[in-house]
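# Would you be able to build a 3D model of this:
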Amino acid sequence: MAKITAAEVNKLRKTTGAGMMDCKKALVEAEGDFEKAIEILRKKGQKVAAKRADRDSSEGAAIAKVSSDKTSGVIISLNCETDFVAKNDTFVTLANDLAELALGYDSKEAFLNAEYKGMTVQDKLTEQTGVIGEKIEIGGFERLEAPFVGSYIHAGNKIAVLTGLSASVDGAEEAAKDVAMQAAAMNPVALNEDGVDQSVIDKEIEIAKDQLRQEGKPEAMLDNIAKGKLKRFFKDNTLVNQDFIKDSKQSVAQYIKSVDSNLEVIGFKRIALG
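Below is the predicted model of the structure:
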């Protein structure tokens, strides 16, 4: 039997993140062959992953990253099963590393097939499922491109937001972050009226009409009153029309105009956990 040194065990632990005893067992089984030991640990991860496949992984870390030229950004959520794992420094570091890598990819599928430290991202997730003993997966993947992109991550990595502005102007960084914080706190359904799905509009009108009927309003008046209620819905639920949380006397759109008269919010992406 090959003699396994502490240095070899430590090297395997650093490479895979697996526990010391798991690394030692893998090296013994592989008779000292380092690459074979990695494969053994990966297979263990696959077995654990298969067992955990139907588990709910609603905890985790939502991380937003913006490119160095501030014209694109990405949010990923690295999901796990428990809050205990989600708060672990190693887990959060992995989430940040993967988000940085995700900046270079346009889709979740391409990202999962990307190379990360000698394996694909998907293989890394499988490996970490074996290491941690919880289902680890990429839950959300959102990308945004604009003349200026800013970001905000809410405390505890539970909500991450990207916002896109129409131009890179003085004050754009702070403005984009303020709008991202707005979206994190207020969870708008869309950027503006045009972005609200017709099915949502139809449902809101129907709810409004039902309420009015219960109040005894005549049928002939329902359409006009329902339209007024729909305007209120747009004001409360679309990002640019919402009252700005830092100054409720103005809307988000008005706040952005105060930074630069030609500036507009042209997009946002939001991922929330839990």
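# Could you list the buried residues of the least confident helix or strand in the chain by mean pLDDT?
In the chain, no helix or strand scores lower on mean pLDDT, DSSP states H and E than helix 34-52, which sits at a mean of 78. For helix 34-52, the buried set under the neighbour-count rule, 16 or more other C-beta atoms under 10 Å, comprises A37, I38, I40, L41, R42, K44, G45, V48, A49, R52. Glycine gets a C-beta too; all of them are placed from N, C-alpha and C.
# got any ranges where the chain has weak pLDDT?
Flagging of the chain using pLDDT under 70 yields the residue ranges 1-2, 48-49.
# now the strands for it?
59-66, 72-80, 115-116, 119-120, 137-145, 148-153, 159-165, 243-244, 247-251, 265-272 (DSSP state E).
# E174 is nearest to which of these?
The closest of the strands of the chain to E174 is strand 148-153. By C-beta to C-beta, the value is 8.4 Å.
# Tell me which strands the closest one pairs with, and in which orientation.
Applying DSSP bridges to the sheet, strand 148-153 is found paired with strand 159-165 (antiparallel).
# Check the offset of the strand it pairs with from the chain's centre.
Relative to its chain's centre, strand 159-165 lies at 10 Å (C-alpha atoms, centre = their mean, to the nearest Å).
# Extract the C-alpha trace of that strand and format it as PDB.
What follows is strand 159-165, C-alpha atoms only, in PDB (Å, rounded to 0.1, in the frame of the first residue of the first chain):
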ATOM      1  CA  ILE A 159     -30.700  40.300  -2.800                       C
ATOM      2  CA  ALA A 160     -28.600  41.500  -5.700                       C
ATOM      3  CA  VAL A 161     -29.500  44.100  -8.300                       C
ATOM      4  CA  LEU A 162     -28.100  45.500 -11.500                       C
ATOM      5  CA  THR A 163     -29.300  48.800 -13.000                       C
ATOM      6  CA  GLY A 164     -28.600  50.200 -16.400                       C
ATOM      7  CA  LEU A 165     -28.400  53.900 -17.200                       C
END
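# how far off strand 72-80 does that strand point, in degrees?
Per axes from the mean of the first three to the mean of the last three C-alpha atoms, to 10 degrees, the angle that strand 159-165 makes with strand 72-80 is 170 degrees.
# ranges for the helices of the stretch 101-250 of the chain?
108-112, 121-132, 172-186, 198-214, 219-237 (DSSP state H, counting those that start in this stretch).
# Go through those and name the closest to A102.
Here helix 108-112 is closest among the helices of the stretch 101-250 of the chain (C-beta to C-beta), at 5.0 Å.
# Give me the contacts around that closest one.
Residues outside helix 108-112 that contact it (C-beta atoms under 8 Å, 6 or more residues apart in numbering): I76, L101, A102, Y105, T120, V121, Q122, L125, I138, F141.
# re earlier: so which of the strands of the chain is nearest V28?
strand 119-120 (22.5 Å).
# tell me how far that closest one is from the chain's mean position?
21 Å.
# Kindly point out the strands partnered with that strand and how each is oriented relative to it.
Partners of strand 119-120, by DSSP bridges, with direction: strand 115-116 (antiparallel).
# quick revisit: of all the helices of the stretch 101-250 of the chain, which one comes closest to K246?
For K246, the closest of the helices of the stretch 101-250 of the chain is helix 172-186, at 6.4 Å, according to C-beta to C-beta.
# Let me see the residues that make contact with that closest one.
With C-beta under 8 Å, 6+ apart as the contact definition, helix 172-186 has outside contacts at 70, 148-152, 154, 159-165, 239, 242, 244-246, 252, 255-256, 259, 263, 265, 268, 270.
# Neighbours of L212, how many?
Neighbour count of L212, defined by other C-beta atoms under 10 Å: 18.
# show me the contacts for it.
Contacts of L212 by C-beta under 8 Å, 6+ apart are M221, L222, I225, A226.
# quick one, which of the strands of the chain is nearest to V189?
Per C-beta to C-beta, nearest to V189 of these: strand 265-272, 10.4 Å.
# Relative to L125, how far out is A86?
Distance of A86 to L125, given as C-beta to C-beta, to the nearest Å: 15 Å.
# K24 now?
For K24, the distance to L125 equals 24 Å [C-beta to C-beta].
# neighbour-wise, which of the two wins?
Counted by other C-beta under 10 Å, K24 and L125 do not tie: L125 has more neighbours, with 22 against 18.
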